[in-house]
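A.B. asks: Any chance you can model this:
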Amino acid sequence: HCALWKNGAYHRDVSPSSLMYRIADQEIMGVLNDFDLASVEEGPSRTERTGMVPFMETDLLEDRGLEREIKHVYEHDAESFIWALVWITLRYDNGMLRTMDRPLDEWLIVDAMCVRGEKGCLFVK
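C.D. replies: Residues are numbered from 1 along each chain as shown. Coordinates of the predicted model:
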C-alpha cells in the first residue's frame, strides 16, 4: 500500500472486503485488492469521498470532510486499515462471522456523522 501511494496510486477504499492473503513459498502475504475507486493522479478526485462509511477515516466523516474540503492523504487510508482490523476482530470468532450479537451492525445503517460519533466512543465504553 505504501509503495503504491508513493508512486501515485491512491486506494481510498480500504475495507475488509479489499483485504486478502495468499500463501507463496510457505509465507503468508497480505494482499490489497479492489482498486475500482482508486485514483492515480493529483487533482479533484483526491477530495471525493469514496469507501464504505464504517471504514472511513474519522476526519473525513466530519462536516468539512463530507463537504469535500479535506484532501485525502495517506494517513486516511492507514486509519481505514485500523477500522477494518477492529471490524474483523469484533465480528469474527475463530475465522467465522458471528451469527448473533455482532458488534457494529448499526454502522451499516446509520449516517456518517453517527458512525463518527460511535468511533469516538468505541474505546471509551
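A.B. asks: Can you pull the poorly scored residue ranges out of this protein?
C.D. replies: 42-49, 123-125 (pLDDT under 70).
A.B. asks: in it, which spans are helices?
C.D. replies: Counting by DSSP state H, the segments of the chain that form helices are 2-6, 63-66, 74-91, 112-122.
A.B. asks: Contacts for the shortest one, please.
C.D. replies: Applying C-beta atoms under 8 Å, 6 or more residues apart in numbering, the contact partners of helix 63-66 are Arg49, Glu57, Asp59, Leu60, Ile70, Ala112, Met113. Quick note: C-beta positions are derived from backbone N, CA and C, even for glycine.
A.B. asks: Relative to Asp77, which of the residues you listed is nearest.
C.D. replies: Nearest to Asp77 among the contacts of helix 63-66, counting by C-beta to C-beta, is Glu57 at 7.8 Å.
A.B. asks: Could you measure from the closest one over to Ile88?
C.D. replies: 17 Å (C-beta to C-beta, to the nearest Å).
A.B. asks: ditto for Asp77
C.D. replies: 17 Å.
A.B. asks: Can you pick out the residue with more neighbours from these two?
C.D. replies: Asp77 (22 against 13; other C-beta atoms under 10 Å).
A.B. asks: Was I right to think the more buried one contacts Arg12?
C.D. replies: Yes. Using C-beta atoms under 8 Å, Asp77 is in contact with Arg12, at 6.5 Å.
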